[in-house]
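Student: Based on what follows, work out the 3D shape:
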Amino acid sequence: MTQTMNASVLLIEDEWQLAQIVQDSLEMRGFRMYCAKDGREGLRLYNEHKPDVIVLDIMMPNMDGFSFTAEVRKTDKQTPIIFLTAKSQTADLVKGFEVGGNDYLKKPFSMDELIVRIRSLLNRFQPAPAASDEHTVVIGQYTFNYTKQTLTRNNISEFLSHREAEVLWRLCKHRNQVMERKPILMDLWGDDNFFNARSMDVFITKLRRYLKEDPRIQIVNIRGVGYKLIS
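Tutor: Okay, the predicted model is just below:
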């Protein structure tokens, strides 16, 4: 289990003064820091050190935050990623979640808030419990292994991100029943605000894509309440 007090953080930020403040503040609280000034350098440090969490700006030279995240998510669905952004448009935030981000902070932000977000993600993204039949369910033509975070059909497995697996697991536990949105948002995101709700919509859309080969499976939006997995 990763201990947050000695967890490693990859910080990718092209504003030197802000990067220095964040680095100093996190190191004082026991985090091991790797710092890069742009996405390309960040990708090199990511491959070299495999940090426990990534904190990065969206707008950077050479490789922006969206491109960096998309590249990481090709092989790594697990490492939590927090965006630092001066943008507030809904479309930009949704895009961040679509490419694989887990959380965001709008500039300017307080260091205490960043540290709380980092520790929260590290605690949520602990390894899944040991494998057992209780954590494997059949959904139509698919087999979902919650522990391994895999969705398998015809011996071909799709590896899910931590949050994709958590949302699907809860849908399965409420199969053919309405799964209320608010408790899931509070449990997985820590808040049921508008942006987190849009993030959850993105993950539901991804799950629909994964399950689309079996037309008997549906994830239905129950307006104003939540979702229902029908299979």
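Student: need the contact list for residue 50.
Tutor: Contacts for residue 50 were tallied using C-beta atoms under 8 Å, 6 or more residues apart in numbering; they are residue 79. Any C-beta I mention is one placed from the backbone N, CA and C, and that applies to glycine too.
Student: How about residue 86?
Tutor: Residue 86 makes contact with 58, 59, 106, 107, according to C-beta under 8 Å, 6+ apart.
Student: excluding its backbone neighbours, what's nearest the residue most central in space within the chain?
Tutor: What sits nearest the mean C-alpha location of the chain, by C-alpha atoms, centre = their mean, is residue 102, with 3.2 Å. Excluding its sequence neighbours, the residue lying closest to residue 102 (C-beta to C-beta, 6 or more residues apart in numbering) is residue 80, at 4.7 Å.
Student: you'd agree the one you found is up against residue 51?
Tutor: No - if you go by C-beta atoms under 8 Å, residue 80 and residue 51 don't touch, sitting 9.7 Å apart.
Student: contacting residues around the helix or strand bottoming out on mean pLDDT in the chain?
Tutor: Least confident helix or strand, the chain: helix 90-99 with a mean of 78, by mean pLDDT, DSSP states H and E. Residues from elsewhere that reach helix 90-99, judged by C-beta under 8 Å, 6+ apart: 58, 65-66, 69-70, 73, 83, 85, 87, 104, 195, 198-199, 202-203.
Student: Buried only: go through these for me.
Tutor: Burial by neighbour count, 16 or more other C-beta atoms under 10 Å: within the contacts of helix 90-99 this picks out 58, 65-66, 69, 73, 83, 85, 87, 104, 195, 199, 202-203.
Student: May I see those organised as a markdown table, with pLDDT, distance to residue 182 and secondary structure added?
Tutor: Formatted as a markdown table, these follow (pLDDT from 0 to 100; distance: C-beta to C-beta, whole Å; DSSP: H, G, I helix; E, B strand; the rest coil):
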| residue | pLDDT | distance to residue 182 | secondary structure |
| --- | --- | --- | --- |
| 58 | 90 | 28 | coil |
| 65 | 92 | 29 | helix |
| 66 | 93 | 29 | helix |
| 69 | 94 | 27 | helix |
| 73 | 91 | 27 | helix |
| 83 | 92 | 24 | strand |
| 85 | 84 | 25 | strand |
| 87 | 67 | 26 | coil |
| 104 | 86 | 20 | strand |
| 195 | 83 | 15 | helix |
| 199 | 86 | 14 | helix |
| 202 | 89 | 17 | helix |
| 203 | 91 | 15 | helix |
